[in-house]
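[1] just need the structure, nothing else, for what follows:
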Amino acid sequence: MRLVATAQALLPVLGLAVLSACSPALNWRQASVASVPVMLPCKPDKARRSVTLVPHTLVMDMVGCEAGSALFAVSRVELPEGVAAPEVLAAWRAQALAALRASQVQDQPMAGATLLQAQGLRPDGRAVQAQLLWRLRGRQIVHWAVYAERLGPDMTEPFFAETPQP
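    I've put the predicted structure just below:
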């Protein structure tokens, strides 16, 4: 009898523990980068800066945040007239992989986009996995990136599922 009474007394405490364990570390919300809608799992920081994507200097708008031990970022550039998208995409991809110090890169076919998974190193030398996507939208290139020690579908599926189609 005493065991049943003890178990009944612990039920509310166990219920709270279970509920808190189920609280998502990734709280997905709508955000935007220069009017492009995106989904992020945390309140984003925003930035704008000039970047050189050989041989062009372009203005890049960015949003990003860290949640669930991962870094989520979305960037966007507007291509000026006369600037070819494939040239900028190739330079951006090369810079991203160089910054990642990528050791393994796996391209995945995707309609109208460049999607890849890579393994590399963080600036502090720790291992990192990345999933990167570039999509051309008219004269814009939008780039989605997620970095974590270990990527899981809870990080990548909602983030990339919301990528707007051209």
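[2] can you map out the helices along the protein?
    Listed in chain order, the helices of the chain (DSSP state H) span 2-21, 85-100, 153-161.
[3] least confident of the ones you listed, on average?
    Between these, the lowest average pLDDT goes to helix 2-21, which shows a mean of 35.
[4] now the residue nearest to Ser69 when sequence neighbours are not counted: how far from Val51?
    Using CB to CB, 6 or more residues apart in numbering and skipping residues adjacent in sequence, the residue nearest Ser69 is Ala148, 5.8 Å away. Where you see a C-beta, it was placed from the backbone N, CA and C, and this is true even at glycine. Taking CB to CB, to the nearest Å as the measure, Ala148 falls 24 Å from Val51.
[5] how about Ala91?
    Ala91 is 10 Å from Val51, by CB to CB.
[6] repeat that for Ala85.
    Counting by CB to CB - Ala85 and Val51 are separated by 15 Å.
[7] Leu26 contacts Cys65, correct?
    No - counting by CB atoms under 8 Å, Leu26 stays clear of Cys65, with 10.2 Å between them.
[8] overlap in contacts of those two?
    Pro41, Cys42 (CB atoms under 8 Å, 6 or more residues apart in numbering).
[9] so which residues of the chain form strands?
    Applying DSSP state E to the chain gives strands spanning 29-33, 36-40, 45-53, 56-67, 70-78, 104-108, 113-121, 127-137, 140-148.
[10] for the first one, packing partners?
    Contact partners of strand 29-33 among helices and strands, from 3 or more CB pairs under 8 Å, 6 or more residues apart in numbering; DSSP states H and E: strand 36-40, strand 56-67, strand 70-78.
[11] with the third one instead?
    Taking 3+ CB pairs under 8 Å, 6+ apart as the contact definition, the neighbouring helices and strands of strand 45-53 are strand 56-67, helix 85-100.
[12] could the ones you listed go into JSON lines alongside distance to Gln119 and mean neighbour count?
    Below are the helices and strands packed on strand 45-53 laid out as JSON lines (distance: least, CB to CB, whole Å; neighbours: other CB atoms under 10 Å):
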{"stretch": "strand 56-67", "distance to Gln119": "19", "mean neighbour count": "17"}
{"stretch": "helix 85-100", "distance to Gln119": "8", "mean neighbour count": "16"}
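[13] show me the beta-bridge partners of the residue nearest to Ser69.
    Ala70, Gln129 (DSSP bridges).
[14] would you check that it makes contact with Asp154?
    No - applying CB under 8 Å, one finds Ala148 not in contact with Asp154, separated by 10.5 Å.
[15] any shared contact partners between these two?
    Counting by CB under 8 Å, 6+ apart, the residues touching both Ala148 and Asp154 are Gly68.
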